[in-house]
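Novice: Sequence first, then the predicted structure:
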Amino acid sequence: MIESLLVIVAVASIVFLMVNLPNVVNLMNKSNHLSLAREIALKQLEDKRTTSYINLVSGTTTISDTRVNLLPLGAGTVTVADCDPSICTNSEHVKKITVSLSWKDNNKQQNFKIDTFVGEGGLNQ
């Protein structure tokens, strides 16, 4: 009787693990993609921060980092714009930098976006 109970518990455990395995794999992939998107975005921000304020040209450019190709149907942009007057109320010389990445996980659109501000006379100026 005890042996039969142990066999049933073992079989049930194996079935439980096999049923949840696809979910675990999907969650791991999603986590890896999000982590990679963060790395790419932070690298783009740091690259822009090392550029002097005078050389920050307003506009949108496509991210050329080859790691974007590791994201399923991945794409990304970097946007540089003048600071919104509702934020920079004293006409400060500040640019807003936005890095956006998108990809698909399990046919669901995933997005990652991060913003920063760079001011005249700031870092590396």
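Specialist: That came in fine, so what should we check first? All figures in this text were calculated on a predicted structure; none of them were measured in a lab.
Novice: can you tell me how far the residue positioned nearest the centre of the chain sits from Lys104?
Specialist: What sits nearest the mean C-alpha location of the chain, by C-alpha atoms, centre = their mean, is Ala37, with 3.1 Å. Noted for Ala37: a distance of 12 Å to Lys104, by C-beta to C-beta, to the nearest Å. All C-beta spots, glycine's among them, are computed from the backbone N, C-alpha and C.
Novice: related to what we said a few turns ago, my read is that the residue nearest to the centre of the chain contacts Trp103, right?
Specialist: Yes - the pair Ala37 / Trp103 is scored as a contact, 7.1 Å apart, by C-beta atoms under 8 Å.
Novice: In three-state terms, label Leu17 for me.
Specialist: Three-state assignment for Leu17 (DSSP: H, G, I helix; E, B strand; the rest coil): helix.
Novice: How confident is the prediction for Tyr53, by pLDDT?
Specialist: pLDDT recorded at Tyr53 is 85.
Novice: What about Thr60, how many residues nearby?
Specialist: 11 (other C-beta atoms under 10 Å).
Novice: Kindly apply the preceding question to Trp103 instead.
Specialist: For Trp103, the count of nearby residues is 22 (other C-beta under 10 Å).
Novice: nearest spatial neighbour of it, skipping sequence neighbours?
Specialist: Nearest non-adjacent residue to Trp103, counting by C-beta to C-beta, 6 or more residues apart in numbering: Leu71, 3.7 Å away.
Novice: so the one you found makes contact with Leu101?
Specialist: Yes - Leu71 is within contact range of Leu101, at 7.1 Å (criterion: C-beta under 8 Å).
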